[in-house]
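J.: this is a predicted model, with the sequence first.
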Amino acid sequence: MEQLDDKLQEEKRRLEERIKYRPNVKQKISGNDETKGAFNWFENIVILIQNYGFKKILQAVLLIGLCASFTLVYNTIKEENIIKEILLDKDRIHSDASKVRKEVDPKISKTLTRMLYSMNADRVCVLEMHNGKENPTSLPFLYCDMTYEETRENVSYVAEEYEDLNMSKFQFPSFLYKNKVFYGSVDEIIEIDKKLGLRLQMNDVKYIGMILIRTNTDIGFITISWMEKPNITKDMIIADLTYYVQEIGTYLDYGQYKKINS
């Protein structure tokens, strides 16, 4: 009986120590939020382990990690496939466009040759616009290249002098956007755009006709020039330019070609 009383007294003493110890611990950690948070986090882990066992907790952590890894790998593969599709589609478009260019090149050259002799000119060419660069706000600079050129015998080619022309440096394109077509002397060009007029004079141009090539968008310009005053009227020149620009514009409109062949 006495032994039983001794055990009860010992258990009571231990319980009192526990009750006395716990407030001290809480008091110690109450002044430090980071320590308190770490203690609560550790205490929660201990409770989970007591309730579910260490093995089950480890299995849950591994399962969560596996799911996160699978999701990451899946999203990475999906993004790579999307990028590959974009690149393949871009290559496909470029390849299709190259085929169209090869197909229309001889047709455009043939049309320009017919135009050259029917209008008794010295040079006829096509200037195509392109976006070569852009400023920091993504506003493009418009450039143009002389991509096709036909001349009479003994008339030199000048296409290499008209590569990557920054159109913002010339005033005549704006005039042509507004008026669509022009015919006149180089002196008249100089009144509108001195820089372009002087360049044309260097190429022995005395009279010139120009027309905007436009389908769904502005593609470029057709120019036809003479070293002497032409023997056909201004009205006839503008009428011929209007006729030929439709044919050449159709060849250069890749978007229209895709629509027809889709």
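T.: Nice, I can see it.
J.: going by C-alpha atoms from here, please, whenever you check contacts or count neighbours.
T.: OK.
J.: can you give me the helices for the stretch 51-200 of the chain?
T.: Using DSSP state H, counting those that start in this stretch, the helices assigned to the stretch 51-200 of the chain run over residues 54-118, 172-179, 186-192, 194-202.
J.: tell me how many other residues crowd the nearest residue in space to residue 207 that is not next to it in sequence.
T.: What sits nearest to residue 207 in space, not counting adjacent residues and going by C-alpha to C-alpha, 6 or more residues apart in numbering, is residue 185, at 4.3 Å. Other residues lying near residue 185 total 18 when counted by other C-alpha atoms under 10 Å.
J.: quick one: residues contacting residue 142.
T.: 129-133, 166-168 (C-alpha atoms under 8 Å, 6 or more residues apart in numbering).
J.: mind putting those into TSV with distance to residue 106 and neighbour count?
T.: Output for those, formatted as TSV (distance: C-alpha to C-alpha, whole Å; neighbours: other C-alpha atoms under 10 Å):
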residue	distance to residue 106	neighbour count
129	20	20
130	21	17
131	25	13
132	25	12
133	29	13
166	27	18
167	27	15
168	31	12
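J.: how about a markdown table for the residues you listed, with distance to residue 102 and pLDDT added?
T.: Listed next are the contacts of residue 142 as a markdown table, based on distance: C-alpha to C-alpha, whole Å; pLDDT from 0 to 100:
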| residue | distance to residue 102 | pLDDT |
| --- | --- | --- |
| 129 | 18 | 89 |
| 130 | 18 | 85 |
| 131 | 21 | 76 |
| 132 | 22 | 68 |
| 133 | 25 | 70 |
| 166 | 26 | 90 |
| 167 | 26 | 89 |
| 168 | 30 | 87 |
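J.: follow-up on the earlier one: wait, doesn't the residue nearest to residue 207 sit right on residue 206?
T.: Yes: counting by C-alpha atoms under 8 Å, residue 206 is a contact partner of residue 185 at 5.8 Å.
J.: if I look at those two, which residues touch both of them?
T.: By C-alpha under 8 Å, 6+ apart, no residue touches both residue 185 and residue 206.
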